[in-house]
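[1] here's my sequence, what's the structure:
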Amino acid sequence: MKKCIFKPVFVLLILIVLSSCATRRVSMQVLVPAGITIPSSVKSVAVLNRSLPPHDKPVLNILEGFISGESVLADREGSFNCIRGVQDRLNESPRIKAITIESDAYRGTGTKQFPTELDWESVDELCRSDQVDALLSLETFDSDFELRKSTSKQKEKVNGRETVRLKYKTSLEVDVNSGWRLYDNLSRKVIDQVVFTDSKSWSGEGDSEKEALEKLPSKRHVLNDAGRFAGIQMANRISPNWTTESRRYFVKGSSGLKNGRVHVKFNDWDAARKVWLTSANDQDPKAAGRACYNLALAAEMQGDMDLAIQWAEKAMKEFHLRQARDYVDRLYLRRENEQRLLEQMKQ
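    Got it, this is the predicted structure:
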């Protein structure tokens, strides 16, 4: 019975390894659309940190930090990293430019609860002061930590004798909540309000509780990273952004497939396309299917999504190339994203 189960799994692993050896990876920069489409008139934003508690309540938050064991003022530091994250990410985008408002005058609740919307006189004053079209405000920033400790017994052999050792385990879980509003000063409308929640966990193990705890990151470090990530999430929501994607292409099956690898190395897709075209007519259907797949990649790299889909579908339908099915789906999604990008990048 074990042989019947083991053999097909083993064969599948062999096929996966062989398939991997027959391909190479190439990276590409892709501009992906934003999560939502905002008005084309909004080309610049000022970023405001409004998540801090009112001026008359900071002591309560500090006391809460001592009671819960959280780092004092860690949320404050995390929120400023959140602002830096959104500003840096937006300024990497070709769609929106961002600046940070250095002001401590506008405060929120200091909790997960959204404050009342800013009045439009204040929004207009802030936007005019920095000559921007909209105000992006971090309205809430809050975190919750949970630290767990446990022990377990592990059997070990020492000098041929079996002994029982006590192992200490710790885990740190954090939930970070960030709430945003985007005030369009041109239309006098709040065009977006959203909350991002991010949960992460870390674990540590050692021969003592202290050793297990030392393997956990500091809460302040965790919050700073989580804050920056929350800012990046918001930037990706309202503005297209660049991302690195990888694609596989075939280098084995014919001389044309092998020779194309050299041209890919030097990013010469015209030359690669020419040698792959010869292999697309190969008498060996396996080599021809792989060449069609590679030609789809060349077309994608040169920005012709329709031609890329044609070649990938030929590899899938005529030559039944297994890898082409996923690639066809990816190409259709990218062509759909290209249409959204055209709408979002309109000037």
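
[2] make it CA atoms for all contacts and neighbour counts henceforth
    Will do.

[3] any weak-confidence spans in the stretch 1-150 of the chain?
    Residues of the stretch 1-150 of the chain meeting the criterion pLDDT under 70: 1-20, 57-73.

[4] in it, which spans are helices?
    Counting by DSSP state H, counting those that start in this stretch, the segments of the stretch 1-150 of the chain that form helices are 2-21, 58-68, 74-92, 120-130.

[5] tell me the centre residue of the protein?
    For the chain, the residue lying nearest the average C-alpha position, counting by CA atoms, centre = their mean, turns out to be Q233 (7.8 Å).

[6] could you verify that that one is part of a helix?
    Yes. Going by DSSP: H, G, I helix; E, B strand; the rest coil, the assignment for Q233 places it inside a helix.

[7] show me the contacts for it.
    Neighbouring residues of Q233 by CA atoms under 8 Å, 6 or more residues apart in numbering: 86, 196.

[8] can you tell me how far it sits from N177?
    12 Å (CA to CA, to the nearest Å).

[9] now for those two: what residues contact both?
    When contacts are counted by CA under 8 Å, 6+ apart, Q233 and N177 have F196 as shared neighbours.

[10] tell me how far the residue nearest to the centre of the chain lies from P240.
    Here Q233 is placed at a distance of 11 Å from P240 (CA to CA).

[11] domain map for the chain?
    As recorded under automatic domain parsing, the domains making up the chain are 44-242, 251-344.

[12] run a quick neighbour tally on C292.
    Other residues near C292 come to 30 when the count uses other CA atoms under 10 Å.

[13] and for A312?
    Count around A312 with other CA under 10 Å applied: 29.

[14] got the contact list for the helix or strand where it lies?
    Counting by DSSP states H and E, the secondary-structure element that holds A312 is helix 305-317. Judged by CA under 8 Å, 6+ apart, the contacts made with helix 305-317 from elsewhere in the structure are 289-290, 292-293, 295-300, 321-325, 327-328, 331-332, 334-335.

[15] and what of stretch 23-31?
    Residues from elsewhere that reach stretch 23-31 (CA under 8 Å, 6+ apart): 240-252, 301.

[16] residue contacts, the residue nearest to D282 when sequence neighbours are not counted?
    Of all residues beyond its chain neighbours, the one nearest D282 is A288 (5.2 Å), with distances taken as CA to CA, 6 or more residues apart in numbering. With contacts defined as CA under 8 Å, 6+ apart, A288 is in contact with 279-282, 319.

[17] and these as CSV, adding secondary structure?
    Formatted as CSV, the entries for the contacts of A288 read as follows, by three-state DSSP:
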residue, secondary structure
S279, helix
A280, coil
N281, coil
D282, coil
F319, coil
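
[18] pick the one among the residues you listed closest to S41.
    Distances from S41 to the contacts of A288, taken as CA to CA, are shortest for A280 (47.3 Å).

[19] and the nearest residue to the closest one once chain neighbours are set aside, what pLDDT?
    Setting aside the residues directly before and after it, A280 is nearest to A288 in space (CA to CA, 6+ apart), at 4.3 Å. For A288, the pLDDT comes out at 96.

[20] check which helix or strand A288 maps to.
    Under the assignment here (DSSP H and E), A288 is part of helix 285-301.

[21] contacting residues for K167?
    151-154, 205-208.

[22] most neighbours among those, which one?
    Among the contacts of K167, E205 has the most neighbours (other CA under 10 Å), with 21 neighbours.

[23] helix or strand next in line after the helix or strand containing it, which one?
    Using DSSP H and E, E205 falls within strand 189-206. Once the chain leaves strand 189-206, the next helix or strand it forms, by DSSP H and E, is helix 209-214.

[24] which helices and strands does that following helix pack with?
    When contacts are defined as 3 or more CA pairs under 8 Å, 6 or more residues apart in numbering; DSSP states H and E, helix 209-214 packs onto strand 161-184, strand 189-206.

[25] buried subset of the contacts of A288?
    The neighbour-count test (16 or more other CA atoms under 10 Å) applied to the contacts of A288 identifies 279-280, 282, 319 as buried.

[26] and the buried ones among the contacts of stretch 23-31, selectable in ChimeraX?
    Here the buried members of the contacts of stretch 23-31 are turned into a ChimeraX selection, burial being counted by 16+ other CA under 10 Å:
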select :240,241,248,249,250,251,252,301
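
[27] can I get the contacts of stretch 23-31 in TSV with distance to L48?
    As requested, the contacts of stretch 23-31 are exported to TSV (distance: CA to CA, whole Å):
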residue	distance to L48
P240	21
N241	21
W242	24
T243	26
T244	29
E245	32
S246	36
R247	39
R248	43
Y249	46
F250	49
V251	51
K252	55
M301	39
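
[28] just the contacts of stretch 23-31: which are in helices?
    Here DSSP state H is the test, and these give M301 as lying in helices.

[29] identify the farthest-apart pair in the contacts of stretch 23-31.
    The two members of the contacts of stretch 23-31 with the most space between them (CA to CA) are P240 and K252, at 36.6 Å.

[30] pretty sure N241 sits against S93.
    Yes. With contacts counted by CA atoms under 8 Å, N241 reaches S93, the gap being 5.2 Å.

[31] which neighbours do the two share?
    Counting by CA under 8 Å, 6+ apart, N241 and S93 have no contacts in common.

[32] how far away is V262 from R24?
    When distances are taken as CA to CA, V262 and R24 turn out to be 11 Å apart.

[33] circling back: for the contacts of stretch 23-31, which one is nearest G85?
    For these, the closest approach to G85 (CA to CA) belongs to N241, at 13.3 Å.
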